[in-house]
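Show me the folded form of this:
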Amino acid sequence: MKMACVIFVSIFFFLTVNTYGQTLLVRPGSSIGYCKADDMEGLSYTYGIKVLLMANEFQRYGVIINHLNILADDKRSYINTGIFIEQVVFKYFNMGIGTVGYINIIQRGENPFGLYSHLGFEYNFNKWFNVVLAYQSESIFRKSYTMNNAFMLEIGFRF
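Down below sits the predicted model:
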């Protein structure tokens, strides 16, 4: 039943996008970096996807869904999702920001919110395929303020 709902929502989303004539940009990606908080510091990694609609050739908006693992262990693992906007300036410089919610998949009840941003380089190989290399920063507003800095690689596909 859940799979049928996911498929139905996906089909509805793609039909809605095509009705409005907007280009859909799907960018799976991952990052590895360094996380620091009052009570911890160490290696972190993320992987996930951004689904963006093109406002024009250089401005986009959409949603971000990532899995963030702090300290690369099983104790601090979050699914983060939220809204996201980005802009490309000077044809290659990509910058984006978004507000995200972090859902703790290990400890119930601790679900902070945060701010996600990135600055980097975007190269379009052709109209339908691009690559983004960026410096990613996440500020997680929880009991002990957490800062996660990472280097990110995303590969985008336009539909």
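
Next, find the distance separating residue 108 from residue 123.
Using C-beta to C-beta, to the nearest Å, we find residue 108 at a distance of 42 Å from residue 123. In short, each C-beta sits where N, CA and C put it, glycine included.

Those two: which has the busier surroundings?
residue 123 (12 against 8; other C-beta atoms under 10 Å).

Excluding residues flanking it in the chain, which one is nearest the more buried one?
Sequence neighbours aside, residue 131 is the residue nearest to residue 123 in space, at 5.4 Å (criterion: C-beta to C-beta, 6 or more residues apart in numbering).

give me phi/psi at residue 76?
phi -130, psi 90 (degrees, to the nearest 10).

do the same with residue 91
phi 70, psi -20.

how many other residues sit next to it?
Residue 91 has 10 neighbouring residues, counting by other C-beta under 10 Å.

same thing with residue 122?
There are 20 residues near residue 122, going by other C-beta under 10 Å.

At which residues are the strands of the chain located?
Along the chain, counting by DSSP state E, strands occupy 24-36, 41-54, 59-70, 77-89, 93-104, 113-126, 129-141, 146-158.

buried ones in the second one?
So that's strand 41-54. Neighbour counts over strand 41-54 (16 or more other C-beta atoms under 10 Å) mark 44, 45, 46, 48, 50, 51, 52, 53, 54 as buried.

Done for today, thanks.
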